[in-house]
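K.L.:
Sharing a model prediction with you, sequence too.
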Amino acid sequence: MHRRAFTLIELLVVLAIIAVLIGLLLPAVQRVREAAARLTCQSQLKQLGLALHLYHDDRGGFPPALVADEDNVTNGWHTGFTLLLPYLEQTNLQRLYHFDKPWFDQANYVAVGYSVKLFLCPSNRTNGAIELKALADSWDCPLPDRVGSTDYAFCKGANAALHRDARRTPSQVRGAFDIRPSEREPGIRLLQITDGTSNTFAMGEAAGGTPRFLVRDLDQPTTAAINSLTGQLAQIDQSWSAASVTTPAQPWYGSIFAVTAQYGLGSQPRYEPMNVPLCAPTIWGNDPVGNNLAGRDWVSGFRSVHPGGANFLYCDGSVQFLRQTISPQVYLGLSTIAGGERVHDS
């Protein structure tokens, strides 16, 4: 009895059918994975929102996003992420971190190098760190070899002024987070959010360490900046633990802040749209006034690798996915605590 075998043509047809099926299934699988990752990202933001409210209950206000005890905010001590560690079930990391010393003190080298999964969007990465050795050599100062990255940022509002006295920023463009000289000084209180906590961003996504988002050259805004320490195109990134911001001499980094506009007022607010591929770096330009009218300070915008938009945590603890096609005026309004704007698209 003879068994009939596949002919070469039949085998090729079967392989072609399998290839077509795989081609049809892969996009569906990728969509399912992205949907799951986006939900996990939202869950992480909700955990951060709960921690913010627990901190508020204990301290009488939200934490400062950046603690800087000198006018030069390039030498900050702590970030809002660091201050939230006791409220995020990060007990081991909390014990490692010396809150009486700045992040760049040798006693904190181990703690600040940790990659905290909660601070990273799973659609973008599951671990990440910024290498600082070349920067330390460039500045001729001691720094940890690396600091753990984050894909989330505190909303500074619609103004990039990086002055230690937050009261200098015009009230109508202030966000829920700012710079304070000490973590003992309460930050923004819920009662100060007169636009409504359900209409005001607390945090949003700030995807880093990906070639999708490069730093733009501020002298040539349509061109990506080159990191002179590496010679490579500068990918935007920021750390949950490194409280400092950079200067115009090395404009390659993001920060724990994000904004919707660099000025936010008048006919030229200098909007910073969501998900622009060439991102503004965060730069302390020593603006003496503190309103950024002169444009000396810069802060990065919100961005994510989710298709078409990004997740945002609101001050009431809720999380929403916003489309990047949102109108600039509504987007700006959602980022401020007391602007009195209309914050819904028609």
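P.N.:
Ah, there it is.

K.L.:
where exactly do the helices run in this structure?
P.N.:
8-59, 80-84, 91-96, 109-112, 133-139, 328-334 (DSSP state H).

K.L.:
As TSV, the ones you listed with distance to residue 191 would be great.
P.N.:
C-betas here are computed from N, CA, C, even on glycine. Putting the helices of the chain into TSV (distance: least, CB to CB, whole Å) gives the following:
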stretch	distance to residue 191
helix 8-59	11
helix 80-84	19
helix 91-96	29
helix 109-112	33
helix 133-139	41
helix 328-334	19
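
K.L.:
Would you format these as TSV with mean pLDDT included?
P.N.:
Written out in TSV, the entries for those read as follows (pLDDT from 0 to 100):
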stretch	mean pLDDT
helix 8-59	82
helix 80-84	96
helix 91-96	90
helix 109-112	95
helix 133-139	77
helix 328-334	96
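
K.L.:
Just name the most buried of the ones you listed.
P.N.:
helix 80-84 (a mean of 25; mean count of other CB atoms under 10 Å).

K.L.:
what sits up against that helix?
P.N.:
Contact partners of helix 80-84, identified using CB atoms under 8 Å, 6 or more residues apart in numbering, comprise 48, 51-52, 55, 62-67, 97, 99, 103, 119, 150, 154, 177, 183, 240-241, 243, 256.

K.L.:
For the residues you listed, I'd like a selection string for PyMOL - just the buried members, please.
P.N.:
Selection of buried members from the contacts of helix 80-84 for PyMOL, criterion 16 or more other CB atoms under 10 Å:
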select buried, resi 48+51+52+55+62+63+64+65+66+67+97+103+119+150+154+177+183+240+241+243+256
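
K.L.:
and residue 261, what does it touch?
P.N.:
158, 159, 160, 173, 269, 270, 271, 272, 332, 335.

K.L.:
ugh, wrong one, residue 109
P.N.:
Contacts for residue 109 were tallied using CB under 8 Å, 6+ apart; they are 144, 145.

K.L.:
Distance-wise, check it relative to residue 103.
P.N.:
Distance of residue 109 to residue 103, computed by CB to CB, to the nearest Å: 9 Å.

K.L.:
my guess is residue 273 contacts residue 328, does it?
P.N.:
Yes: applying CB atoms under 8 Å, one finds residue 273 in contact with residue 328, separated by 7.0 Å.

K.L.:
With adjacent residues omitted, what lies nearest to residue 292?
P.N.:
Counting by CB to CB, 6 or more residues apart in numbering, the nearest residue to residue 292 once its immediate chain neighbours are dropped is residue 161, at 4.0 Å.

K.L.:
likewise residue 237?
P.N.:
For residue 237, ignoring the flanking residues on the chain, the nearest one in space by CB to CB, 6+ apart is residue 208 at 3.5 Å.

K.L.:
To what extent is the one you found buried, counted in neighbours?
P.N.:
Applying the criterion other CB atoms under 10 Å, we find 27 residues in the vicinity of residue 208.

K.L.:
quick one: pLDDT of it?
P.N.:
Here the pLDDT value assigned to residue 208 is 95.

K.L.:
got the contact list for it?
P.N.:
Per CB under 8 Å, 6+ apart, neighbours of residue 208: 124, 128, 149, 150, 151, 235, 236, 237, 238, 254.

K.L.:
where does it sit relative to residue 244, distance-wise?
P.N.:
Look at residue 208 and residue 244: by CB to CB, they are 16 Å apart.

K.L.:
mind listing what residue 138 touches?
P.N.:
Taking CB under 8 Å, 6+ apart as the contact definition, residue 138 lies against 229, 250.

K.L.:
How about the one 10 residues further on?
P.N.:
Taking CB under 8 Å, 6+ apart as the contact definition, residue 148 lies against 112, 113, 114, 115, 116, 119, 128, 129, 239, 240, 241.

K.L.:
what pLDDT does the nearest residue to it once chain neighbours are set aside get?
P.N.:
What sits nearest to residue 148 in space, not counting adjacent residues and going by CB to CB, 6+ apart, is residue 115, at 4.5 Å. At residue 115, the predicted lDDT confidence score is 94.

K.L.:
what does the one 10 residues further on give?
P.N.:
The predicted local confidence for residue 125 comes out at a pLDDT of 94.

K.L.:
Identify the farthest-apart pair in the contacts of residue 261.
P.N.:
Based on CB to CB, the longest span within those runs between 270 and 335 and measures 13.5 Å.

K.L.:
Counting neighbours, go ahead and name the busier of these two.
P.N.:
Here residue 270 and residue 335 are compared on neighbour count by other CB under 10 Å; more neighbours surround residue 335, at 31 against 18.

K.L.:
quick one: low-confidence parts of the stretch 101-250 of the chain?
P.N.:
For the stretch 101-250 of the chain, no stretch has pLDDT under 70.

K.L.:
can you map out the strands along it?
P.N.:
Secondary structure of the stretch 101-250 of the chain by DSSP state E, counting those that start in this stretch: the strands cover 129-131, 146-148, 152-157, 179-180, 201-205, 214-217, 220-224, 226-227, 232-233.

K.L.:
Spatially, and excluding backbone neighbours, which residue is closest to residue 341.
P.N.:
Ranked by CB to CB, 6+ apart and with sequence neighbours excluded, the top spatial neighbour of residue 341 is residue 333, at 3.2 Å.

K.L.:
Compute the distance between that neighbour and residue 200, please.
P.N.:
When CB to CB is applied, the distance between residue 333 and residue 200 equals 9 Å.

K.L.:
Could you do residue 129 as well?
P.N.:
31 Å.

K.L.:
likewise residue 264?
P.N.:
Taking CB to CB as the criterion, residue 264 is separated from residue 200 by 14 Å.

K.L.:
Noted, bye for now.
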